[in-house]
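Engineer: Predicted structure and sequence below. I'll ask about it afterward.
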Amino acid sequence: MAFSLGRAGARVAINYRNDEARARRTFEEFRDAGFQGVLLRGDAVDEHDVARMVDEIGESLGPVDILVPNATPDQPHRPIEEYDWAFYQQMLDFFVKSPFLLTRAVLAHMKEKRWGRIINLGSETFQLGTPDFTAYVAAKGGQNGFTRSLARELAPWNITVNMVSPGWIPTERHANDPQEEKDAYRDALPTGRFGRAEEVGDTVAFLASDAASYVSGQNICINGANTVA
């Protein structure tokens, strides 16, 4: 997503919390590709850290016009009996609290400018109702509702709010997932292939552009027709 936005001409602030070495490698690749931006560390579910990050971005790049909340924790599949409320709360913190805090922190500038783009990251699991995944799916459902309501609330300021919901797109975080599960998912897709990360990024870049100025309140699934709205 950062690379797609960079190609479109945006100056991109890339945030990380834990893996500094990986974050720095990614940012070096981003800069080597000729894109402009900053790398900063912070906790997207902490109100004070969010405010600090937004201030630092403003000082280095200018106020935030395009917001793409994408913080996420581990997402184990478990039957409901094996979850506890603390785990549910963690899901809600990442997928409802974090987008809320980030949106609130950047909204004054967007309203003043009367232009803004907020693009939340959902998941096809909400449409599929994936079993043994209730905590994650419930939190993504809350994020979906947040997106829908916020889109109507902010429309008078020319601020669009959308959600991009990828299917299972293998990246490095899926390196240890069972190959037979990957194969079964891919073989069941109407397209017969996995999606690519850049296809998600390019959709985000489209929603951030003026070409999508009349698109708001939508949830775009990027999953090769695995779900149909």
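Structural biologist: Cool, got the structure.
Engineer: So for the residue of the chain most remote from its centre, what's the pLDDT?
Structural biologist: In the chain, Glu81 marks the outermost C-alpha relative to the chain mean, sitting 28.5 Å out by CA atoms, centre = their mean. Per-residue pLDDT puts Glu81 at 96.
Engineer: tell me which element the residue nearest to Asn120 when sequence neighbours are not counted falls in.
Structural biologist: Spatial nearest neighbour of Asn120, chain neighbours left out: Met163 (4.5 Å); criterion: CB to CB, 6 or more residues apart in numbering. Using the backbone N, CA and C atoms, a C-beta is placed for each residue, glycine as well. Met163 is located in strand 159-166, with elements delineated by DSSP states H and E.
Engineer: Now tell me what touches that strand from outside.
Structural biologist: 107, 110-111, 114-124, 126-127, 140, 143-144, 147, 150-151, 154, 195, 200, 203-204, 207, 212-213, 215-223 (CB atoms under 8 Å, 6 or more residues apart in numbering).
Engineer: Just these: which are in strands?
Structural biologist: Gly116, Arg117, Ile118, Ile119, Asn120, Leu121, Asn219, Ile220, Cys221, Ile222 (DSSP state E).
Engineer: Could you single out the nearest of these to Arg24?
Structural biologist: Leu121 (22.6 Å; CB to CB).
Engineer: Looking at the ones in strands among the contacts of strand 159-166, spot the one nearest Pro178.
Structural biologist: Distances from Pro178 to these, taken by CB to CB, are shortest for Ile222, at 22.9 Å.
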